[in-house]
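Student: could you work out the structure for the sequence below:
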Amino acid sequence: MSKTDAPIPADTAKSSTPRTSTPRTSAAPAAATAKAIPLTGMALGIDVGGTGVKAAMVDLATAELVTSRIREDTPQPSEPAAVIETVASVVGRVLAEHAPVEHLAIGIGLPGAIKYGIMKTAANLDKGWVDFDATTTLSEKLGTPVHVINDADAAGMAELAYGEAKGYDGTTILLTIGTGIGSALISEGRLVPNTEFGHLLMHDQAAETLVGGVARERRGLKWKEWASEFNEYLAMLEFFTWPDRIILGGGVSKRSAKYWKYLKANADLVKARYLNTSGIIGAAYAAGLAAHAEAARTPAARTPAARRPAARRSTATKKRG
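Tutor: Sure thing, here's the model as predicted:
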């Protein structure tokens, strides 16, 4: 792979599509919600969680990891400055394994809602991430534009571009069942970002506190008992969203043989294709898609509405002090 293999549509890989050196971040939501298209080239994906920070280089044509999957523990306390240092460390280790890529797209999945590149919530991370300008700070630290996305949405992008949601019409929901329950909503081939279906109320509690992976262990539920309660959660989710397909991923899905036969849903219920690597693959793909969208954007398309988020990011930066 040459140094100039930045992400471009697969069907124009041999064309003279111009590349851009302008920032290609998640400053606007359009790239994340764009319809998935085949891409070629390389991108670097990073998955930040409450216990670990993982990263690898991804071949966007195949979703194959072309470097080692580098992992380091998430620092505790998980304050922004400490986590960003860990991100820089894993990125450096990944880049050491691969030849340089010109205009390398970098995507980072973070456990919280992302609005215009700013963290609005912080699940399993220090509360200092709330209203934190993740896009600007990470881009400055890594010395290149970075695309920031919710971690469950990143997993959803992996399934949308390469997995069980690829080419699937209608409404699809991905649930990542692990420490809690993350969710990604896909409608007619487009991601609807920042859903928090794990926080739907179930018996006056957030559903993930009752039927998440850690909750099952804490409550001492056998798999059949857990599946019965999880079915109640699925029924509630179906009542509100009427999905055509539900994809189950996350750590609990690795043990599906113990409970799958007990699950019931009106929607088509399938296992996620990507498990431990879904966040990395999806973050890399989202960054590649954002890079393509930025390269295709014309000056006339940059409306005042598209520039508004810059002021909001500036405000968030000042708020950090």
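Student: how about the helices in this protein?
Tutor: Remark: helices assigned in the chain by DSSP state H are 30-33, 80-95, 134-142, 151-162, 208-211, 213-219, 223-241, 278-296, 304-320.
Student: for the record, mean pLDDT for the last one?
Tutor: Pointing back at helix 304-320 there. What helix 304-320 shows for mean pLDDT is 39.
Student: numbering from 788 from now on, please.
Tutor: Right, with 788 as the first residue, what we last looked at is helix 1091-1107.
Student: tell me the centre residue of this structure?
Tutor: Nearest to the mean C-alpha position of the chain, by Cα atoms, centre = their mean, lies residue 941 at 1.7 Å.
Student: would you mind giving the helices of the chain as CSV with distance to residue 839 added?
Tutor: Every residue, glycine included, has its C-beta placed from N, CA and C. Putting these into CSV (distance: least, Cβ to Cβ, whole Å) gives the following:
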stretch, distance to residue 839
helix 817-820, 23
helix 867-882, 9
helix 921-929, 17
helix 938-949, 12
helix 995-998, 19
helix 1000-1006, 15
helix 1010-1028, 24
helix 1065-1083, 10
helix 1091-1107, 25
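Student: residue 842 is nearest to which of those helices?
Tutor: With Cβ to Cβ as the criterion, residue 842 lies closest to helix 867-882 of the helices of the chain, at 4.3 Å.
Student: how about residues contacting that closest one?
Tutor: Contact partners of helix 867-882, identified using Cβ atoms under 8 Å, 6 or more residues apart in numbering, comprise 831, 833, 835, 840-844, 854-855, 857-862, 893, 895, 912-913, 915-916, 919, 921, 924-925, 928-929, 1107.
Student: can you do 6 Å?
Tutor: 840, 842, 844, 854, 857, 859, 862, 915-916, 919, 928 (Cβ atoms under 6 Å, 6 or more residues apart in numbering).
Student: and the furthest pair within those residues?
Tutor: Greatest spatial distance in the contacts of helix 867-882: 854 and 915, 30.3 Å, computed using Cβ to Cβ.
Student: ranking the helices of the chain by mean pLDDT, which is last?
Tutor: For the helices of the chain, mean pLDDT drops lowest on helix 1091-1107, to a mean of 39.
Student: ok so, going back, ok, which of the helices of the chain comes nearest residue 957?
Tutor: Closest among the helices of the chain, using Cβ to Cβ: helix 1010-1028, at 11.1 Å.
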